[in-house]
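Engineer: Turn this into a structure:
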Amino acid sequence: MTSRYVPVLITLALIWGSSFMFIEFAIDELSPAATMSGRLIVATLALGTILVARRGWSQAIRSVRNFGFAGFVLGVISTALPFWLIGWGQTHIDSGIAAIGNAAMPIFVALLAIRFARHERVNGFRGFGIALGIVGVAVLVGVNPEGGLWGVIGTLAVVGAAVSYAVGALYSQHKLGDSSALLVSTASVFWGTVVILPFGIAQAPSDVPGWKALASVAALGLLGTAIGLLMYLSMLETHGSSRASLVVYLLPPTALFYGAVFLDEPIRLTAIAGLVLILVGVAIGSGLVRPLRRQTPIPAPIR
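Structural biologist: Predicted coordinates:
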């Protein structure tokens, strides 16, 4: 129903925007690899339970296993690698900056599609949008001057996660386009868990983490990954990709809000400038905004 679109969109933005805050809480006591391992274990259990409830044990296991190499690749480039990059990046930058960098993902989708998606055509206007978004990323990299070199590297890590997400989106569309969205998501988090878990175990803390870190990991897996994915997939089916993708524009402001209120993170003008450039670039580069065309007036019919 159309009347549910706005509340669901805002709720999803609030959930996904909070992920950067929860990462910040978790990495106070856990390594990025341990944080994301816990997150993916929780998400795999949640999504796996839903998949089993819908398909039964044997068919669910067979379906995930049948993805084979494609599922493994997707688990690496769409889950394990970008999750770790964001977690590691946030050890050097604020959560709000991480969210802004992550919002550049559609820019890289549009940029990569020029080369790898033959049906994708980019005119001068969309090319301008892509360039604008890249300028926004460049502005964002210079947002954290007191962070020095590590602040720059941390920002680049988050931007690298956005690139990884973009590659994963195109790979999934090419290799797994006809598969169930729930199945693709479950396979992705499962194989992502398999890949990152050894690193998480190797970097596990010697002492039991506090309740805030554990609750944050649980929230990341259950809210940010499992419930967030299901809500997004539901929006895709009900309202289409164009309207569902608008959540990208709401993530950075909500993450900045959470960071300012709960983490005492400053909101800098350069961060806002980078955010505006990236979001405008996303709108133009993804084709959401098109140039107005001059139309020949159509005479009114004679009555």
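Engineer: Roughly how far does residue 140 sit from residue 253?
Structural biologist: Distance of residue 140 to residue 253, given as C-beta to C-beta, to the nearest Å: 15 Å. From N, CA and C alone the C-beta is placed, and that goes for glycine too.
Engineer: Looking only at neighbour counts, state which of those two leads.
Structural biologist: Each of residue 140 and residue 253 has its neighbours counted (other C-beta atoms under 10 Å); residue 140 has more, 26 against 19.
Engineer: separation between that one and residue 116?
Structural biologist: 25 Å.
Engineer: before we move on, what about residue 22?
Structural biologist: To residue 116, residue 22 is 33 Å away according to C-beta to C-beta.
Engineer: Please say which of those two ends up with more neighbours.
Structural biologist: residue 22 (24 against 13).
Engineer: Contacts for the strand or helix carrying the more buried one next, please.
Structural biologist: Using DSSP states H and E, residue 22 maps to helix 5-26. Helix 5-26 is contacted from outside by 35, 38, 86-87, 90, 95-96, 98-99, 102, 212-213, 216-217, 219-220, 223-224, 227-228, 231-232, 234-235, 238-239, 243, 246-247, 250-255, 257-259, 262-263, using C-beta atoms under 8 Å, 6 or more residues apart in numbering.
Engineer: which among the residues you listed end up buried?
Structural biologist: Buried members of the contacts of helix 5-26, scored by 16 or more other C-beta atoms under 10 Å, are 35, 38, 86-87, 90, 95-96, 98-99, 102, 213, 216-217, 219-220, 223-224, 227-228, 231-232, 235, 239, 246-247, 250-255, 257-259.
Engineer: Report the buried residues of the longest helix belonging to the chain.
Structural biologist: Identified as the longest helix of the chain according to DSSP state H is helix 148-175. Within helix 148-175, the residues that count as buried by 16+ other C-beta under 10 Å are 151-172, 175.
Engineer: Name the next helix or strand downstream of it, please.
Structural biologist: helix 181-202.
Engineer: So which elements touch that next one?
Structural biologist: The elements that helix 181-202 packs onto, with contact taken as 3 or more C-beta pairs under 8 Å, 6 or more residues apart in numbering; DSSP states H and E, are helix 32-55, helix 57-66, helix 68-75, helix 81-89, helix 228-239.
Engineer: do that again at 6 Å, thanks
Structural biologist: helix 32-55, helix 57-66, helix 68-75 (3 or more C-beta pairs under 6 Å, 6 or more residues apart in numbering; DSSP states H and E).
Engineer: one step back: what distance separates the longest helix of the chain from the centre of its chain?
Structural biologist: 10 Å (C-alpha atoms, centre = their mean, to the nearest Å).
Engineer: Specify the angle between it and helix 32-55 in degrees.
Structural biologist: Orientation check (axes from the mean of the first three to the mean of the last three C-alpha atoms, to 10 degrees): helix 148-175 against helix 32-55 gives 20 degrees.
Engineer: what's the model's confidence in helix 148-175, averaged?
Structural biologist: The average pLDDT within helix 148-175 is 89.
Engineer: please renumber so the chain begins at 100
Structural biologist: Noted, 100 is the first residue going forward, which turns the last one into helix 247-274.
Engineer: Which strands and helices lie in contact with that helix?
Structural biologist: Packing contacts for helix 247-274, counted by 3+ C-beta pairs under 6 Å, 6+ apart, involve helix 180-188, helix 194-201, helix 204-215, helix 223-240.
Engineer: again, only using 8 Å
Structural biologist: helix 167-174, helix 180-188, helix 194-201, helix 204-215, helix 223-240.
Engineer: Which of these sits closest to residue 278?
Structural biologist: Closest to residue 278 of the helices and strands packed on helix 247-274, according to C-beta to C-beta: helix 167-174, at 9.2 Å.
Engineer: My read is that residue 284 contacts residue 332, right?
Structural biologist: Yes. Taking contacts as C-beta atoms under 8 Å, residue 284 lies within contact range of residue 332: 7.1 Å.
Engineer: Which residue of the two possesses the greater neighbour count?
Structural biologist: Remark: of residue 284 and residue 332, residue 284 carries more neighbours, 24 against 16, as counted by other C-beta under 10 Å.
Engineer: For the more buried one, which non-adjacent residue is closest in space?
Structural biologist: Nearest residue to residue 284, sequence neighbours excluded (C-beta to C-beta, 6 or more residues apart in numbering): residue 328, at 5.0 Å.
Engineer: tell me the contacts of the one you found?
Structural biologist: Per C-beta under 8 Å, 6+ apart, neighbours of residue 328: 142, 146, 284.
Engineer: Contacts only, for the closest residue to the second one other than its chain neighbours.
Structural biologist: Put plainly, it is residue 146. Excluding the flanking residues, the one nearest residue 146 by C-beta to C-beta, 6+ apart is residue 285, at 4.4 Å. Counting by C-beta under 8 Å, 6+ apart, residue 285 touches 143, 146-147, 149-150, 159, 163.
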